[in-house]
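Asks: What follows is a predicted structure for the sequence shown.
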Amino acid sequence: MSRRSSTAPLVASPVLVGAVTVLVAVIAVFIAYNANAGLPFVPTYDLKAQIPSGNKLVKGNEVRVGGFRVGVVDEIKPVIVDGVSVAEISLKLDKTVQPLAKDTRLKVRPRSALGLKYVEITPGQSDATFATGDKLPLSQATEGLELEDVFSTFDAETRRNSQQALEGFGDAFSGRGQSLNTTIAALNPFFASLTPVMQTLNDPATELDQFFRQIGRTSAQVAPVARIQAEVFENMADTFAAIGRDQRALQQTIEKSPPTIDTSIRSFRVQRPFLVDFTELAVLLRPAVNELPRSLPAVNRAFAVGTDILPRTVALNDRLVGALSELEDLFENPNTLLTIRDLRNTFTVTRPAIEFVAPYQTVCNYFNYFVHPLGEHMSQVSAGGTVQAFGVKTVDNEQPNTYGNIEASRPWDVPPGVDPIGAETPEGMKLGRTYTFPYQPAIDAQGNADCQNGQNGFVRGVDPSLDPNDPRNLAIRERFAPLARYGPGMLSDGTPTGGNAGVVLNNFPILSGGTFKSRELGIDNLEDVDKLR
């Protein structure tokens, strides 16, 4: 009998094999259970980071760089930063990403539509790096958008309508699997027939893009009146419903429609010129229509005021009947036309006189010269009595130096040897009062102001300031130089004279200028009168 070996194989013991298998299974389960926290005995690059919110982020979520898994989230806890509650996460990263730059960015992003998240790290370019245990600040972390954030862009009514729409579509498709299969089977021949139609629509000559563009413009134009159109369609529905109840009347209406249309066609041919003219009228009335929004309030107020006044116009019209009848008789009378023609002749004849008199009133204002003292001329005292009596007295023209003698060598009441300028009686009455001729000019031939009335008087001599080379001044010297010699004289009958007499002329050879505020109003010429209107 052979001797057995003292060392048996390991697999020869079933108990030992079972124990090893159980041990391996326990280790595998342990490693799988703790895989989210990192493999045991594997060195890691640990960092912390602050994020705005830890919403839906759980322990064990992946950390990715460039789409590759490089670690896990080891811990999540709330912290307070600047008075605001944020989340602080601990990251266990592979040594392959160590070290991360100081400007590294971190973002929490969704991994699926069911809410699973992961942390995405975007490495920076800074030379400074994070050491193990450092913390990324909150300013370098952001939080991705959630699906509910997208839905929150809509208002409450839109979200509610979306829910109702989804619910309606769900109810519509629920339990209709066989019908959907039948529909899909029928779509094959439909799309086969739809292909040439779509090719035609896709042809640039079809201008399908213009169709949708014009549809959009039309929709934009009718959008402001959408509510009104809805009311119109609602009223039309009521109208058609009422029409449909009387089928006999509807039938008769349809039977009479063809002759009615024929009559309309013939009528429109006649109406076309009117419609053309009406179109032009509408274009012309457009500015007035545009003005109505601004003017209608004033017109409405006028109507409101006129409503109370209008009834009283009836009595006014009754009272005007007689006056209008007389006016009608006046128009029908042939003498009216003759009178009007005579008035025209009258104006034609009197126009030269008016044009002659006008300068006297507009430039020189001679009317005021006459009217102002008119109230006192009956009682005003002069050397020969009152002014009124002085003007109507008759004198002996043969008597020398009388106030009515045009050849007097001195004023009639100035004694011989007395200067007539400023001469007075012992009682203080002025002597040698000068009365000028009333028909002196107002303008010269060129229309320049030449107002002489009231500007005459005694000439003591020639003004030395006058230019002797001026022809007008020369005329003055030649005319008045003989009279400028002051001193006693003697008439042909030997009667001594008292000196120079008052100078009274119809027209001085110089322009006397205007007297009606000529300096203020600038009336130096007749043409200036029109400028002041």
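Replies: All right, it came through fine. If you're wondering where the values come from, they're calculated on a predicted model, not measured in any experiment. Residues are numbered from 1 along each chain as shown.
Asks: For residue 242, give me the pLDDT.
Replies: pLDDT, the model's per-residue confidence, is 86 for residue 242.
Asks: what about it, neighbour count?
Replies: When neighbours are defined as other Cβ atoms under 10 Å, residue 242 has 9 of them. Using the backbone N, CA and C atoms, a C-beta is placed for each residue, glycine as well.
Asks: who does the helix or strand in which it is found touch, helix- and strand-wise?
Replies: Counting by DSSP states H and E, the element that carries residue 242 is helix 226-245. Here helix 226-245 touches helix 247-309, going by 3 or more Cβ pairs under 8 Å, 6 or more residues apart in numbering; DSSP states H and E.
Asks: same question for the helix it packs on, mean pLDDT?
Replies: Helix 247-309 shows a mean pLDDT of 87.
Asks: Please report the distance of residue 86 from residue 514.
Replies: Plainly put, residue 86 is 97 Å away from residue 514 if you go by Cβ to Cβ, to the nearest Å.
Asks: Can you list the buried residues in the top strand by length along the chain?
Replies: For the chain, the strand with the greatest residue count under DSSP state E is strand 68-81. When burial is assessed from 16 or more other Cβ atoms under 10 Å, strand 68-81 yields the following buried residues: 70-74.
Asks: Could you list the paired strands of that strand along with their orientation?
Replies: Partner strands for strand 68-81, per DSSP bridges, with pairing direction: strand 62-65 (antiparallel), strand 84-93 (antiparallel).
Asks: coming back round to it: closest to residue 155 out of the buried residues of strand 68-81?
Replies: Closest approach to residue 155 among the buried residues of strand 68-81 (Cβ to Cβ): residue 73, at 35.8 Å.
Asks: can you pull the contacts of that closest one?
Replies: Applying Cβ atoms under 8 Å, 6 or more residues apart in numbering, one finds that residue 73 lies in contact with 57-63, 89-91, 119.
Asks: So residue 428 belongs to a helix, correct?
Replies: No - with the criterion set as DSSP: H, G, I helix; E, B strand; the rest coil, the secondary structure at residue 428 is coil rather than a helix.
Asks: gap between it and residue 181?
Replies: Distance, residue 428 to residue 181, using Cβ to Cβ: 143 Å.
Asks: Between those two, which has more neighbouring residues?
Replies: residue 181 (10 against 6).
Asks: Confirm that one sits in a strand?
Replies: No - Residue 181: not assigned to a strand; according to three-state DSSP it is helix.
Asks: Give me the pLDDT value at it.
Replies: According to the model, residue 181 carries a pLDDT of 86.
Asks: so where's the stretch 351-500 of the chain shaky on pLDDT?
Replies: Screening the stretch 351-500 of the chain residue by residue with the criterion pLDDT under 70, one finds the ranges 369-414, 416-417, 419-422, 429-439, 453-500.
Asks: can we see that at 80?
Replies: Residues of the stretch 351-500 of the chain meeting the criterion pLDDT under 80: 361-362, 364-441, 451-500.
Asks: Check the stretch 51-200 of the chain too.
Replies: Under the criterion pLDDT under 80, the flagged ranges of the stretch 51-200 of the chain are 53-56, 111-115, 143-154, 175.
Asks: before we move on, the earlier item: in JSON lines, list the strands paired with strand 68-81 along with distance to residue 200 and mean neighbour count.
Replies: Written out in JSON lines, the entries for those read as follows (distance: least, Cβ to Cβ, whole Å; neighbours: other Cβ atoms under 10 Å):
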{"stretch": "strand 62-65", "distance to residue 200": "50", "mean neighbour count": "19"}
{"stretch": "strand 84-93", "distance to residue 200": "60", "mean neighbour count": "18"}
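Asks: how about those strands, which one is nearest residue 174?
Replies: Nearest to residue 174 among those is strand 62-65 (37.1 Å), distances taken as Cβ to Cβ.
Asks: sorry, back to before: kindly reformat the contacts of residue 73 as CSV and extend each row with distance to residue 269.
Replies: Shown next, in CSV, are the contacts of residue 73 (distance: Cβ to Cβ, whole Å):
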residue, distance to residue 269
57, 81
58, 84
59, 89
60, 88
61, 83
62, 83
63, 85
89, 87
90, 92
91, 89
119, 82
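Asks: Helices of the stretch 51-200 of the chain, start to end?
Replies: 147-151, 156-173, 177-202 (DSSP state H, counting those that start in this stretch).
Asks: would you turn the strands paired with strand 68-81 into TSV with distance to residue 308?
Replies: Written out in TSV, the entries for the strands paired with strand 68-81 read as follows (distance: least, Cβ to Cβ, whole Å):
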stretch	distance to residue 308
strand 62-65	87
strand 84-93	72
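Asks: Indicate which one of those strands is closest to residue 339.
Replies: Nearest of these to residue 339, taken as Cβ to Cβ: strand 84-93 at 103.5 Å.
Asks: CA-only coordinates of that closest one in PDB, if you can.
Replies: This file holds the C-alpha atoms of strand 84-93, laid out as PDB (Å, rounded to 0.1, in the frame of the first residue of the first chain):
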ATOM      1  CA  VAL A  84     -26.400  84.300   2.800                       C
ATOM      2  CA  SER A  85     -26.900  80.600   3.200                       C
ATOM      3  CA  VAL A  86     -24.900  78.600   0.600                       C
ATOM      4  CA  ALA A  87     -23.600  75.000   0.200                       C
ATOM      5  CA  GLU A  88     -20.100  73.800   0.800                       C
ATOM      6  CA  ILE A  89     -19.100  70.600  -0.800                       C
ATOM      7  CA  SER A  90     -16.000  68.400  -0.300                       C
ATOM      8  CA  LEU A  91     -14.500  66.900  -3.400                       C
ATOM      9  CA  LYS A  92     -12.400  63.800  -3.700                       C
ATOM     10  CA  LEU A  93     -10.500  64.100  -7.000                       C
END
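Asks: Distance to residue 451 for the helices of the stretch 51-200 of the chain - can I get that in TSV?
Replies: Conversion of the helices of the stretch 51-200 of the chain to TSV gives the following (distance: least, Cβ to Cβ, whole Å):
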stretch	distance to residue 451
helix 147-151	97
helix 156-173	91
helix 177-202	97
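Asks: so which of those helices gets nearest residue 230?
Replies: Of those, the one closest to residue 230 (Cβ to Cβ) turns out to be helix 156-173, at 18.1 Å.
Asks: list the buried ones in stretch 354-364?
Replies: Taking 16+ other Cβ under 10 Å as the neighbour-count basis, stretch 354-364 is seen to contain the buried residues 359-360, 362-364.
Asks: Of the residues you listed, just say which sits nearest to residue 529.
Replies: Within the set of the buried residues of stretch 354-364, residue 362 lies nearest residue 529; the separation is 4.7 Å, counting by Cβ to Cβ.
Asks: Can you give me the end-to-end span of stretch 53-73?
Replies: Across stretch 53-73, the straight-line distance between its terminal residues is 14 Å, by Cα to Cα, to the nearest Å.
Asks: the domain parsing of this structure - what is it?
Replies: For the chain, the domain assignment from automatic domain parsing gives the residue ranges 43-151, 180-227, 246-292, 363-533.
Asks: Okay then, goodbye and thanks.
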